[in-house]
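In: from the sequence below, what's the structure:
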Amino acid sequence: TNKRHQMTFYYIDPWAEIRKMHRDMDNIFNNTLRLEGKENNSKEIAAPSDLKELRSWRPKVDVIEAGEKYIIHAELPGVKKEDVSIDFQGNNITISGQRSYEKKHDTETYHQSERSYGKFSRTIPLPKGIDHADIKATYDNGVLEITAPKPKEQTAQKI
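Out: Here you go, the predicted model:
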């Protein structure tokens, strides 16, 4: 006998699980970050200052080798120049500071809050031999730029 087997094909969306996880995470945060004392059906969520333990941020950093120098760009939107610190220790540059939350009106109601506030710190390793005295920094329009000359080639010594 000649039996025919019929095959059934299913389309599987590889991104379906990712989208489901994204929706689930949104639901978790939307349901758990309600302001205390508000009605259960309230759409208000906690202001950024109320979420310190849940929110932290790391500025985005680019490290570029260009000619005879290294250039570091750090995005620091909303951070005042006086709230940024640059420290050199060993072969590392550490950029640290704080972006403060400023509530403008007592009647503000947050329906969505995605920006992060608080302290930050980034440490960028550099090659050995860079003279810290030659490192320069500028801060313009929320972008910190640090330039460090490449270390001078060490001359070979005969023993």
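In: how near is Val63 to Lys128?
Out: Applying Cβ to Cβ, to the nearest Å, the value for Val63 to Lys128 is 16 Å. Just so you know, the C-beta spots here come from the backbone N, C-alpha and C atoms, and that holds for glycine as well.
In: compare these two (neighbour count), which wins?
Out: The neighbour count for Val63 versus Lys128, taken as other Cβ atoms under 10 Å, is higher for Val63 (15 against 9).
In: residues contacting the more buried one?
Out: 70-72, 124 (Cβ atoms under 8 Å, 6 or more residues apart in numbering).
In: in strands, which of those fall?
Out: Secondary structure from DSSP state E places 70-72, 124 of the contacts of Val63 in strands.
In: now those residues: which count as buried?
Out: Taking 16 or more other Cβ atoms under 10 Å as the criterion, what is buried in the ones in strands among the contacts of Val63 is 70, 72, 124.
In: count the neighbours of the closest residue in space to the first one that isn't next to it in sequence for me.
Out: The shortest distance from Tyr70 to any residue other than its chain neighbours is 4.8 Å, reached at Ala148 (Cβ to Cβ, 6 or more residues apart in numbering). Other residues within reach of Ala148, judged by other Cβ under 10 Å, total 22.
In: let me see the backbone angles for Ala148.
Out: For Ala148, the backbone dihedrals (degrees, to the nearest 10) come out as phi -130, psi 120.
In: gap between it and Ser85?
Out: 17 Å.
In: report pLDDT for Ser96.
Out: Per-residue pLDDT puts Ser96 at 94.
In: so what's it up against?
Out: Contacts here follow Cβ under 8 Å, 6+ apart; on that basis Ser96 touches 84-85, 87, 119-122.
In: so of those, which ones are in strands?
Out: Short answer: those in strands (DSSP E) are 84-85, 87, 119-122.
In: pLDDT below threshold where in this structure?
Out: For the chain, applying pLDDT under 70 flags the ranges 1-10, 27-56, 103, 105, 153-159.
In: tell me what Thr94 is bridged to.
Out: Asp87, Thr123 (DSSP bridges).
In: just checking, it touches Ser121?
Out: Yes: between Thr94 and Ser121 there is a contact under Cβ atoms under 8 Å: 6.3 Å.
In: thinking again about what came up before, in the contacts of Val63, find the pair that's most separated.
Out: Ile71 and Ile124 (11.1 Å; Cβ to Cβ).
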